[in-house]
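Chemist: from the sequence below, what's the structure:
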Amino acid sequence: MNYLLVAATPFEIAPAVDFIKKEKIKADVLIAGIGMLATAYHLTRKLAEKKYDLVIQAGIAGCFDKDFQLGDVVIVKDEIVGDLGVKENKEYKDLFDMNFLKPNDFPYSSKVLKNKNKEALKLLKLPKVSGVTVNQITTAKPVIDLYVRKYNAVVESMEGAALHYICSQEKTPFLQLRSISNYVGERNKSKWKIKDAIVNLNEQVIKVVGC
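Modeler: Presented below is the predicted three-dimensional model:
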C-alpha cells in the first residue's frame, strides 16, 4: 500500500511519522495547515503529483456527544460544512436549503460528503460518526444545538470536509481519523486531554500503515 498521511499540524501525528521513518513504511506525509482552504490547496497539489492507495487524515477534534470519552478515536464516515450558508429570520439555511445544491449533486450524497469506500471504513474497529467542518470553532450553545439537530454531528474539525470533497472528486480512497480532545463549547483547556488524544490517535494510524 502507498499511503498519504495528512494532518493540519505536525504535533498531531509526530509519533506516527517517527514510526513510518523507523519502519520505512511506504508513506508520504503532508502537513496541510489549519482550515479547509489550506487543506484543499495542499492536498489537491499532492494528489495531482502522485496517486495513492489510501489517504489518511488524522487529527484531534471537539465532540458534541458526551457519551464519548475524551481520548476516544472515531472514524468520520460523512462530513458537512457547517457554516456555508446564511442566517436570516433567526434561521440558518445551508446551500441545500437555498436550492443552490441538490441533495445528490456529486460529490454529495443525501446532502453529505460520504466516505463510500467500505474497505477503508473496515480497516479499524472504531465508531463511525458524522462530522461537521467549520471555519470558526464553535462556542455558542445555539450553534452547538444546530449542528447536532441539523447534521447529527458528533465531532467538529476545521479540515474534514476538504478531505472528503477532494478525495471523492479525485476518486482516491480515504479515511478520516479523529481523536476527541475536548467537548465542543468547553473553553477551559485544563479540562481538555490533548496529550491522551494524540497518543490514542497515533496508535490507530500506526495500526493502519503498519499492516
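Chemist: tell me the phi and psi of the closest residue to residue 198 other than its chain neighbours?
Modeler: Leaving aside its chain neighbours, residue 198 sits nearest to residue 12 (6.1 Å; criterion: C-beta to C-beta, 6 or more residues apart in numbering). Where C-beta positions appear, they are placed from N, C-alpha and C, glycine not excepted. Torsion angles at residue 12 (phi, psi; degrees, to the nearest 10) stand at phi -70, psi -30.
Chemist: contacting residues around residue 12?
Modeler: By C-beta atoms under 8 Å, 6 or more residues apart in numbering, residue 12 lies in contact with 58, 59, 60, 198, 201.
Chemist: all helices for the protein, in order.
Modeler: In the chain, the helices defined using DSSP state H lie at 14-23, 36-49, 118-121, 141-151, 160-169, 194-209.
Chemist: do you know which of those helices lies nearest residue 92?
Modeler: Ranking the helices of the chain by their distance to residue 92 (criterion: C-beta to C-beta) puts helix 141-151 first, at 5.9 Å.
Chemist: re the thing from before, dump the contacts of residue 12 to CSV, plus distance to residue 87.
Modeler: Shown next, in CSV, are these (distance: C-beta to C-beta, whole Å):
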residue, distance to residue 87
58, 32
59, 28
60, 28
198, 35
201, 33
